[in-house]
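Student: what shape does this take:
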Amino acid sequence: MEICAGNLDRISRICYAENEKGGIMMKRKISVLLLICFCTALFGCGREKTIEEKIAEFPLPEKTEISAETPVQDWEFILPNGVFFGMDYDMVKAVCDNDVLEYTSGSEDYKSFLKDGIFYSFVKNSDGAYILKNLSIQDTEEENGPYGIVIEEPILRGLGIGDALTEFLAAVPAEDATLRRAEWQYVYGPNEDGYAALEFVANSYYALRFVTSSDYMMMLTFSRKGQKLLWVETYDNSEADMSAANA
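Tutor: Numbers count the residues shown, from 1 in each chain. Here you go, the predicted structure:
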């Protein structure tokens, strides 16, 4: 082929077209790869975590050293079986070996079940999951309550159902532990560590309330005679986003 100005112009146009075509193909390949990466990240590498994985990865409060001089800590609300506030219904049920007595509340916003003397209560969050917010333990032999057998595991600092109010007061930094039959008296706090308060309810029996800095609350109710622990209620009153439990 004779090399002339006209041929050079034609050859240049052919080369430019080929380069354009190759560039478009490369861009398409890159776009497909980016789409695959996005879908993989979005759907969690193609599979959902198992219940066992969710339980193992659930963030629990860090355990710290405690003594009678230490206010009640968040981690002391973890049950002996490892259950803690914020776990969802399926997680807690799995910890309980899926062998529970389920209760109906008449409202779709709540669920609950009984296992080994502990009554677990759940609240529906914005994602439609039921999140643990309340626990109840009662000495049914003493009060003929509805919640099954008495648990033998300690509830707080080695103490449990049947132990005396004075023993619980001795296990915390009680600044005022006098049983004065007052409607309300602070045992310690309130401060950045929370507080403990003693109540003489209905001029009849004592209740001891512990609230942590994260706003977890434990209410211990004692018998009229002998001030022995009969009933325990714990609550998650924190403002944590309940949807985070299923992340």
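
Student: got the phi and psi for residue 157?
Tutor: phi 50, psi 50 (degrees, to the nearest 10).

Student: now swap in residue 74 and tell me
Tutor: Per-residue torsions, residue 74: phi -60, psi -40 (degrees, to the nearest 10).

Student: check residue 167 too.
Tutor: phi -70, psi -40.

Student: so what's it closest to, chain neighbours aside?
Tutor: residue 159 (5.6 Å; C-beta to C-beta, 6 or more residues apart in numbering). For every residue, glycine as well, the C-beta is placed using N, CA and C.

Student: what helix or strand is the most centrally placed residue in the chain located in?
Tutor: In the chain, the C-alpha nearest the mean C-alpha coordinate belongs to residue 86, at 2.0 Å (C-alpha atoms, centre = their mean). Using DSSP states H and E, residue 86 falls within no helix or strand.

Student: surely it is in contact with residue 132?
Tutor: Yes. Assessed by C-beta atoms under 8 Å, residue 86 is found in contact with residue 132 at 6.6 Å.

Student: quick one: residue 193 and residue 74 touch, right?
Tutor: No. The criterion here is C-beta under 8 Å, and residue 193 misses it with residue 74 at 10.6 Å.

Student: overlap of the contact sets of the two?
Tutor: Common contacts of residue 193 and residue 74, defined by C-beta atoms under 8 Å, 6 or more residues apart in numbering, comprise 212, 213.

Student: so which of those two has more stuff around it?
Tutor: More neighbours surround residue 74 than the other of residue 193 and residue 74, with 20 against 16 (other C-beta atoms under 10 Å).

Student: show me what residue 194 is bridged to.
Tutor: residue 191 (DSSP bridges).

Student: let's number from 636 now, not from 1
Tutor: OK, 636 is where the count begins now, so the last one is residue 829.

Student: residues contacting it?
Tutor: For residue 829, the contacting residues are 706, 707, 845, 846, 847, 848, by C-beta under 8 Å, 6+ apart.

Student: for the chain, what spans make up the strands?
Tutor: With DSSP state E, the ranges of strands along the chain come out as 736-738, 745-750, 753-759, 765-773, 820-826, 829-836, 840-846, 851-857, 864-871.

Student: which strands and helices lie in contact with the second one?
Tutor: Translated: strand 745-750. Counting contacts by 3 or more C-beta pairs under 8 Å, 6 or more residues apart in numbering; DSSP states H and E, strand 745-750 packs against strand 736-738, strand 753-759.

Student: test my guess that residue 693 contacts residue 727.
Tutor: No. The criterion here is C-beta under 8 Å, and residue 693 misses it with residue 727 at 10.4 Å.

Student: between those two, who's got more neighbours?
Tutor: Neighbour count, other C-beta under 10 Å: between residue 693 and residue 727, residue 727 has more, with 24 against 15.

Student: for the more buried one, give its distance to residue 717.
Tutor: Residue 727 sits 10 Å away from residue 717, going by C-beta to C-beta, to the nearest Å.

Student: ok, residue 790 next?
Tutor: 15 Å.

Student: likewise for residue 746?
Tutor: Taking C-beta to C-beta, one finds residue 746 at 20 Å from residue 717.

Student: tell me which of these two has more neighbours.
Tutor: More neighbours surround residue 746 than the other of residue 746 and residue 717, with 20 against 14 (other C-beta under 10 Å).
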